[in-house]
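Q: generate a structure from the sequence data that follows.
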Amino acid sequence: MDIDWAALGTVFGVSLVATVGLVGLFTLGVVGLARKPVPEPGTATAPAAATPAGTGRAPAARAGSYACFALCAAAVAYGIYLIVA
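A: Below you'll find the predicted structure:
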C-alpha cells in the first residue's frame with residue numbers, strides 16, 4: 001500500500017486554510033454585531049439604549065456582519081453540495 005503524501009499534504013493545507021478562513025470570517029461577523037454605535041462628536045456620551053438608531057458605525061457594522069454570515073452560510077452550503085454530489 002502506497003500513500004500519496006503530496007495529495008495528503010494538499011488536502012491538509014486546503015482544509016487548514018478553509019477552516020481558519022471560515023472561523024475568521026465568522027469572528028468578524030460576531031465582532032461587527034458586538035460593536036456599539038459611536039456617539040456624535042460634541043455630544044455627551046449616552047448609553048447605547050438611548051442612542052438613536054442609525055448613528056455612528058452601527059448600521060455599516062451590522063451590514064458587514066450579515067455579509068460575513070451570508071458568506072459563511074454559502075461556504076457551508078457549498079461544502080455540503082460537494083459532499084452530497
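
Q: OK, contacts around D2?
A: Listed by CB atoms under 8 Å, 6 or more residues apart in numbering, the contact set of D2 is empty. For the C-beta atoms, the positions are set from N, CA and C on the backbone; glycine is no exception.

Q: dihedrals phi and psi, it?
A: phi -110, psi 140 (degrees, to the nearest 10).

Q: for L8, see how far away it is.
A: Using CB to CB, to the nearest Å, one gets 11 Å for the distance from D2 to L8.

Q: mutual contacts of the two, please.
A: What both D2 and L8 touch, as defined by CB under 8 Å, 6+ apart, is an empty set.

Q: now for the lowest-mean-pLDDT helix or strand in the chain, which elements pack on it?
A: Lowest on mean pLDDT, DSSP states H and E among the helices and strands of the chain sits helix 58-84, with a mean of 93. Packing partners of helix 58-84 (3 or more CB pairs under 8 Å, 6 or more residues apart in numbering; DSSP states H and E): helix 5-34.

Q: next, the angle helix 58-84 makes with the helix it packs on.
A: Counting by axes from the mean of the first three to the mean of the last three CA atoms, to 10 degrees, helix 5-34 points 150 degrees away from the direction of helix 58-84.

Q: list the buried residues for helix 5-34?
A: Neighbour counts using 16 or more other CB atoms under 10 Å place 26, 28-29, 32 of helix 5-34 among the buried residues.
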